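Enquirer: Turn this into a structure:
(one chain, ligands or ions: 1)
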Amino acid sequence: MDETRDPLMPRPVSDSQSEMNEIVLPNDTNPLGFLLGGRLMHWIDLAGALAAHRHSRSYAVTASIDHMDFLTPVHVGDLVVLRSSVNRVFTTSMEVGVQVIVENFLLEECKHVSSAYLTFVAVDKEGRHVKVPPVIPETDDQRRRYEDAGRRREIRRAELARKRNNAR
Ligand SMILES: CC(C)(COP(=O)(O)OP(=O)(O)OC[C@H]1O[C@@H](n2cnc3c(N)ncnc32)[C@H](O)[C@@H]1OP(=O)(O)O)[C@@H](O)C(=O)NCCC(=O)NCCS
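Expert: Sure, this is the predicted structure:
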């Protein structure tokens, strides 16, 4: 890594692209041998953090995780593949997308389990928010995710404002 580089220089989405693999063990499952939703959410958070750290090169905290669906059950012994990348940067926050695939290597089949959008806020050692370098989408899919992330942010902000008002 070039230490003299401007920390706020824009970086391509590909710099943040990450992959995390987990084998589902008995301790990750319910009594029927299905992966616990909470364990998968934990892995999603970690996979998202990988992309956020790689892009921002700073500490980052999870501010929110959008609605999630679990589309197919995952069984003990399955291989879970989590792919993450930064979709868009705002000022101190960034939206990260995580896609979860289950791979049954005996049957040689892959299924989409879930997708999640997480917002991370970059912070320094004292917990103060810090600016994040812009992200450059380079492919059609990355440009689509970038545009969609802007719309999702407006929805999140409206919802957060409503909750903060209600809490007063
Ligand atoms: C998330 C957190 C840093 C936001 O701090 P804050 O002072 O309330 O935030 P602000 O209103 O100043 O917003 C700062 C940025 O965070 C974003 N943000 C804040 N809350 C958010 C939320 N719930 N969802 C998405 N983005 C959020 C804002 O849009 C803003 O982004 P921008 O700088 O890119 O425009 C703070 O609430 C926190 O530390 N939460 C605990 C985080 C944590 O510990 N996570 C682990 C699980 S407990």
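
Enquirer: Check the most centrally placed residue in the chain and give its pLDDT.
Expert: In the chain, the centroid-proximal residue (CA atoms, centre = their mean) is Gly48; its distance is 3.0 Å. Gly48 is assigned 98 on the pLDDT scale.

Enquirer: Pretty sure it sits in a helix.
Expert: Yes: counting by DSSP: H, G, I helix; E, B strand; the rest coil, Gly48 falls inside a helix.

Enquirer: doesn't Val61 make contact with Val121?
Expert: Yes: counting by CB atoms under 8 Å, Val61 is a contact partner of Val121 at 5.5 Å. (C-beta placed from N, C-alpha, C; glycine too.)

Enquirer: neighbour-wise, which of the two wins?
Expert: More neighbours surround Val121 than the other of Val121 and Val61, with 22 against 14 (other CB atoms under 10 Å).

Enquirer: and that one, bridged to which residues?
Expert: Counting by DSSP bridges, Val121 forms beta bridges with Val61, Ser93.

Enquirer: show me the contacts for it.
Expert: Residues near Val121 by CB atoms under 8 Å, 6 or more residues apart in numbering: 60-61, 63, 92-93, 129.

Enquirer: make it 10 Å
Expert: Val121 makes contact with 52, 56, 58-64, 90-94, 127, 129-130, 132 under the criterion CB atoms under 10 Å, 6 or more residues apart in numbering.

Enquirer: anything in contact with each of Val121 and Val61?
Expert: Common neighbours of Val121 and Val61 (CB under 10 Å, 6+ apart) are 52, 93, 127, 129.
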